[in-house]
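Q: Below are the sequence and a predicted model; questions follow.
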Amino acid sequence: MKLILHHVNFATDNVDRLDRFYRDVLNMGAEENDLPVREKSRGYPGDVSFLTDGRIQFHLAEKDLEVGFRTGHAVNPVDRGHIAYRTDDIEAFRNHLKEKGVSFSDYGDIAVSGWQQIFFYDPDGNVIEVHQVDQA
């Protein structure tokens with residue numbers, strides 16, 4: 001199972017302000033490739049801006065403290081944001097987390113159509129996402 005850094009997600013109360021900052025100060029541009037197809041009616045309807053530094057995506061997401069309650073999941077990925085890795089074998093990674101005794105929330109494709117996502121915490125409470133893009 002391979003893991004590669006895919007994106008960094010920052011949660012904010014003001015997506016437009018954060019978008020302008022990253023564009024103006026860090027010269028980031030709009031991400032136009034490999035964008036997620038969001039499922040706004042299934043748990044997270046918030047605004048998101050997708051930027052890139054040319055290599056890594058940055059997802060600037062509207063903070064939403066209710067996502068966990070609406071979806072029934074313990075981990076809320078848009079409370080404080082998260083770091084995300086893409087894998088080529090999500091099932092193997094699930095088994096790896098179980099073997100290591102790491103609890104996780106399996107979001108499946110509830111937030112992003114065509115992505116199988118799991119979220120978990122590191123020992124300091126930072127949220128980590130691992131996802132796989134469906135091959136179908």
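A: Sure thing, it's come through. Numbers count the residues shown, from 1 in each chain.
Q: quick one, longest strand in the chain?
A: What stands out as the longest strand in the chain, according to DSSP state E, is strand 3-12.
Q: quick one: buried residues of that strand?
A: Judged by neighbour count using 16 or more other CB atoms under 10 Å, the buried positions of strand 3-12 are 6-12. Every C-beta, even on glycine, is put in place using the N, C-alpha and C of the backbone.
Q: strands paired with the helix or strand of the chain with the lowest mean pLDDT, and their directions?
A: Lowest mean confidence among the helices and strands of the chain (mean pLDDT, DSSP states H and E): strand 37-38, at a mean of 70. Note on strand 37-38: by DSSP bridges, its sheet partners are strand 112-113 (antiparallel).
Q: Residues contacting the partner strand, please?
A: Contacting residues not belonging to strand 112-113 are listed as 36-39, 131 [CB atoms under 8 Å, 6 or more residues apart in numbering].
Q: What does the pLDDT read for the residue lying closest to Val15 once chain neighbours are set aside?
A: By the measure of CB to CB, 6 or more residues apart in numbering, the closest residue to Val15 outside its immediate chain neighbours is Asp47, 4.6 Å from it. We have a pLDDT of 92 for Asp47.
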